[in-house]
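[1] missing the sequence, but the structure's below:
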C-alpha cells in the first residue's frame, strides 16, 4: 500500500514539511531572541536540528517522483 498516490499529494506533503521547518525554526531559534531571558543553547540547537530535519524531509519529498 502506497501512502502517496498522486503528484498533488506529494507536493502538498512536501509543502507541509517545508512550512513546519519554518515554524519550528522560528519558534525555537528566532523566538528566544525576542525574550532574551528565555534563551538557552540547548533550545537553539534543538530548533536548528528540528528545522534541518523537517527541511530535509520536505526537500526529499519534493525531489521524488510518484510511481504509477
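    Happy to help now that I have it. On a predicted model such as this, the values are computed, not experimentally measured, just so you know.
[2] quick one: low-confidence parts of this protein?
    1-3, 64-68 (pLDDT under 70).
[3] As a check, name the ranges of all helices in this structure.
    Using DSSP state H, the helices of the chain run over 7-25, 31-34, 41-63.
[4] helices or strands up against the longest one?
    Pointing back at helix 41-63 there. Applying 3 or more Cβ pairs under 8 Å, 6 or more residues apart in numbering; DSSP states H and E, we find helix 41-63 packed against helix 7-25. The C-beta positions use only the backbone N, C-alpha and C, and glycine is treated the same way.
[5] ok, now which ones touch residue 60?
    Taking Cβ atoms under 8 Å, 6 or more residues apart in numbering, we find residue 60 in contact with no residue.
[6] and if you look at residue 18?
    Contact partners of residue 18, counting by Cβ under 8 Å, 6+ apart, are 54-55, 58, 62.
[7] mind giving me CSV with these and columns for distance to residue 34?
    CSV is the format used below for the contacts of residue 18 (distance: Cβ to Cβ, whole Å):
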residue, distance to residue 34
54, 22
55, 22
58, 26
62, 31
